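K.L.:
Pasted the sequence and its predicted model underneath.
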Amino acid sequence: MKLVLFLISFNLFAQWVWQTGYTTPTIGPPTCCGGTAATSNNCDPGRTATGFGAGGGSAGWAGGSGGDAYWIGGGGGGGLGGYGACSIIGGAGGNGVVVIQYFGVGGVATGSVIGSEIYTQSGSKTIPAGVDTIRFWAIGGGGSGGSASTNDGTASSGGAAGAVAYRTIGSAAGLVLNMTIGKGGIPVQTTVGSAGNPGGATTVTIGATVTTAGGGAAGLYNSGANSAGGTCSNTYDGCLLGGTGYGRSGDVDGSTGASIGANAVAGDGNNDNGMTAPNPVDVAGLFNAVNLSRVIYTVPNNGLSMFTGALPRAAFSFRKLIAGYDGPLFRVRRSSDNQERDIGLSGDNTDITALKAFVGTASGYVTTWYNQNTAYPNATQTTAAAQPRIVNAGVVDSELNSNIAHMYLDGNTWFNSNQGIQTITNSGNEGTVLIFARPFGGNSNAWSFGVANDGASNRWMAHFPYQGGQAYNAGEIYFDVGNLNTQRCHTGTTTPHDTWKVWSFVKRADRGQVYWSKILGCTSQIVTGQRYTGTENFLIGMTGGPSSGQRYIGFMAEFIVYNYDVDATQLSSYQQLTGEFFGLRIY
């Protein structure tokens, strides 16, 4: 894995850091934790947790996925109750991290904070000259939720949260911190009732001294026994125990995943009590450190750099995708006076400060999504009512964290790629579409990208998702590549929705494929040589051509199109590194 060396200047000293990008997260007590449980007799999943240390949501006794614990802090994935032909997989546990805060002369007592960093990947850090004191928080990974058995209606439990181990060290300059980051538990991909997987321990080793923050235990299946939260071991100044996963059995709703410092509850997943334990862990200090932190990645930020083939024909994102690109990411229109302005990069992500300063308390809408492969056209939308939103009444759409923006498409908004289907794909045949998004339900058969001419039984497009009268969030994905009667890749009703995923659509010469994260949702064996024969422009958020229907609803942060079929190894690398960059547990 290639590491790129950047020079980063803090207020009182300069240091060298191995990294490829950083963001500044929005941290505080969780504002969107487990979410509500599903209503009986449908297939709703629990909500994904987006708060710091928050637990993933539960799902109802009638089935549905447990909600994932998202990004930082190790909250356990939600459990579920499985009944019917629905998705019955427990939610993923949140990944661990290490947070380091640096102090100058006088140390913590004087409040002379030099800077803070969050490490999301294992590695080492040498404390530079000019630092008097450090304090760090090691956070273990959360356990994943239990998975239910098809059609039995029996509940599973949410996973437990990881522990937080805390230390303060003086005379720190020159010390080497070796960090092993505990990953969140991976959900069990099965239709058989099963416990989830435990979260990994996070360790910080300085010489012969080790600090360990244990991971949370896995959520169980059909058991009233609780799952133990992570504990601290070896050397530490303070310890915040991980929250306990709530045992759940019988034909009832599953339980939520635990938050850090707060136990899970049954059913309704509004568990907003993460990080409430008192000092000596110094929770207030942790929040402060995280809010000021640079996030240090040991994975390539420019997620397309691993591909050996040609660059994509379309590279749209709210982060830098292609090394050397220094142009604007998008153009925004503010609702107060309809003035427009280009918004570029701050580091490798959206310049949120510039976006807020321009839009103010108004709402902002994207008129142009700039193609980072400058040899090809930008995506545009000239009709105001069809422009996707990026700022809502002064609040940036940044559910992921405060320095990564994304758009909201409401079912009436879309972009024209300004490239014909024959150009953006390989003459209407092979091609790859990579999307980082959170698709909602609400439209029965969203025609979400590409082109379609049903009169000629001819498509290169996706229903993303397709619900067909099913319950909210129970939708499928149809990827139609050629003759819609014979060339369809259909994922079935186990497809997750209303959650952030890396979605991959690949048209190969002899088959179509759909992935979410690294899970292969479907493969269609198709007639070699069949292709879309029209010449219409490829659209994003709806389909071009003579046939179209309801449009995509949901958030979207990245949309990439290759005019060839990306091979499986490189596709896996993109899925992994993109997920790691955005803080998503990839499995």
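P.N.:
That came through, no problem.

K.L.:
With just CA atoms, put stretch 125-143 into PDB.
P.N.:
Output of stretch 125-143 as PDB, limited to C-alpha atoms (Å, rounded to 0.1, in the frame of the first residue of the first chain):
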ATOM      1  CA  LYS A 125       3.900   7.700  14.900                       C
ATOM      2  CA  THR A 126       7.100   9.400  16.100                       C
ATOM      3  CA  ILE A 127       6.400  12.300  18.400                       C
ATOM      4  CA  PRO A 128       8.200  15.300  17.000                       C
ATOM      5  CA  ALA A 129      10.400  17.900  18.700                       C
ATOM      6  CA  GLY A 130       8.500  20.700  20.300                       C
ATOM      7  CA  VAL A 131       6.000  18.400  22.000                       C
ATOM      8  CA  ASP A 132       6.100  18.400  25.800                       C
ATOM      9  CA  THR A 133       3.200  16.100  26.600                       C
ATOM     10  CA  ILE A 134       0.800  13.900  24.700                       C
ATOM     11  CA  ARG A 135      -2.400  12.300  25.700                       C
ATOM     12  CA  PHE A 136      -4.200   9.600  23.700                       C
ATOM     13  CA  TRP A 137      -7.400   7.700  23.700                       C
ATOM     14  CA  ALA A 138      -7.400   4.100  22.200                       C
ATOM     15  CA  ILE A 139     -10.900   2.900  21.200                       C
ATOM     16  CA  GLY A 140     -11.700  -0.700  20.400                       C
ATOM     17  CA  GLY A 141     -13.900  -2.000  17.600                       C
ATOM     18  CA  GLY A 142     -17.600  -2.800  18.200                       C
ATOM     19  CA  GLY A 143     -19.100  -6.300  17.700                       C
END
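
K.L.:
Please, where are all the helices along the stretch 451-587 of the chain?
P.N.:
Assigned by DSSP state H, counting those that start in this stretch, the stretch 451-587 of the chain shows helices spanning 568-582.

K.L.:
Output the below-cut-off pLDDT ranges for it.
P.N.:
By pLDDT under 70, the weakly predicted segments of the stretch 451-587 of the chain are 455-456, 467-475, 484-486, 492-498, 525-529, 580, 583-587.

K.L.:
all strands of it, in order?
P.N.:
For the stretch 451-587 of the chain, the strands defined by DSSP state E, counting those that start in this stretch occupy 458-466, 476-483, 488-490, 501-507, 511-516, 519-525, 537-540, 553-562.

K.L.:
The stretch 51-200 of the chain now?
P.N.:
With DSSP E, counting those that start in this stretch as the criterion, the stretch 51-200 of the chain has strands spanning 81-82, 97-103, 113-119, 123-126, 133-139, 154-155, 164-170, 176-180.

K.L.:
ok, now the stretch 251-400 of the chain?
P.N.:
293-296, 314-317, 330-334, 340-343, 345-346, 349-350, 364-369, 379-380, 389-392, 395-396.

K.L.:
winner for burial among the strands of the stretch 51-200 of the chain?
P.N.:
Stretch with highest mean neighbour count among the strands of the stretch 51-200 of the chain: strand 81-82 (a mean of 32; mean count of other C-beta atoms under 10 Å). Placement of C-beta: from N, CA and C, glycine included.

K.L.:
pLDDT averaged over that one - what is it?
P.N.:
For strand 81-82, mean pLDDT is 56.

K.L.:
quick one on the thing from earlier: lowest-confidence stretch among the strands of the stretch 251-400 of the chain?
P.N.:
strand 293-296 (a mean of 50).

K.L.:
if you skip the residues just before and after it, what's nearest to Phe555?
P.N.:
What sits nearest to Phe555 in space, not counting adjacent residues and going by C-beta to C-beta, 6 or more residues apart in numbering, is Arg438, at 4.3 Å.

K.L.:
quick one: that neighbour from Trp500, how far?
P.N.:
5 Å (C-beta to C-beta, to the nearest Å).

K.L.:
higher neighbour count, these two?
P.N.:
More neighbours surround Trp500 than the other of Arg438 and Trp500, with 25 against 19 (other C-beta atoms under 10 Å).

K.L.:
Got phi/psi on Ser336?
P.N.:
Backbone torsions of Ser336, given as degrees, to the nearest 10, read phi -70, psi -40.

K.L.:
And for the nearest residue to it once chain neighbours are set aside, the neighbour number?
P.N.:
In space, and not counting its chain neighbours, Ser336 is closest to Ala362: 3.9 Å by C-beta to C-beta, 6+ apart. Applying other C-beta under 10 Å, we find 18 residues neighbouring Ala362.

K.L.:
Could you report the pLDDT at Ala362?
P.N.:
Taking Ala362 on its own, its pLDDT is 97.

K.L.:
Over to Ala310?
P.N.:
Value for Ala310, per-residue pLDDT: 80.

K.L.:
hmm, back to that, quick one, which of the strands of the stretch 51-200 of the chain is nearest to Val451?
P.N.:
Nearest to Val451 among the strands of the stretch 51-200 of the chain is strand 81-82 (37.8 Å), distances taken as C-beta to C-beta.

K.L.:
pLDDT weak spots in the stretch 201-350 of the chain?
P.N.:
Ranges of the stretch 201-350 of the chain meeting pLDDT under 70: 265-309.

K.L.:
Quick one: the helices in it, in order.
P.N.:
283-291.

K.L.:
just to revisit the earlier point, now do the residue nearest to Phe555 against Leu329, distance only.
P.N.:
19 Å.

K.L.:
thought the residue nearest to Ser336 was touching Val391?
P.N.:
Yes. Contact criterion C-beta atoms under 8 Å: Ala362 and Val391 qualify, at 7.4 Å.

K.L.:
shared neighbours, those two?
P.N.:
Arg334 (C-beta atoms under 8 Å, 6 or more residues apart in numbering).

K.L.:
On the strand side of things, show who the spatially closest residue to Val252 that is not a sequence neighbour bridges to.
P.N.:
Among residues not flanking Val252 along the chain, Ala155 sits closest, at 5.0 Å (C-beta to C-beta, 6+ apart). As for beta bridges, Ala155 partners with Gly81 under DSSP bridges.

K.L.:
thought Ala155 was touching Thr256?
P.N.:
No. Shown here, Ala155 and Thr256 do not form a contact pair, counting by C-beta under 8 Å, at 11.7 Å.

K.L.:
what residues are up against Gly215?
P.N.:
74, 93, 96, 140-143, 162-163, 182, 185, 198-202, 230, 242.

K.L.:
6 Å instead?
P.N.:
Gly140, Gly141, Gly162, Gly182, Pro198, Gly199, Gly200, Ala201, Gly230 (C-beta atoms under 6 Å, 6 or more residues apart in numbering).

K.L.:
Trp447 now?
P.N.:
Met542, Thr543, Ser548, Gly549.

K.L.:
Mind listing what's buried along the host helix or strand of it?
P.N.:
Element membership for Trp447, per DSSP states H and E: strand 445-453. For strand 445-453, the neighbour count (16 or more other C-beta atoms under 10 Å) marks Asn445, Ala446, Trp447, Ser448, Phe449, Gly450, Val451, Ala452, Asn453 as buried.

K.L.:
Appreciated, that's everything.
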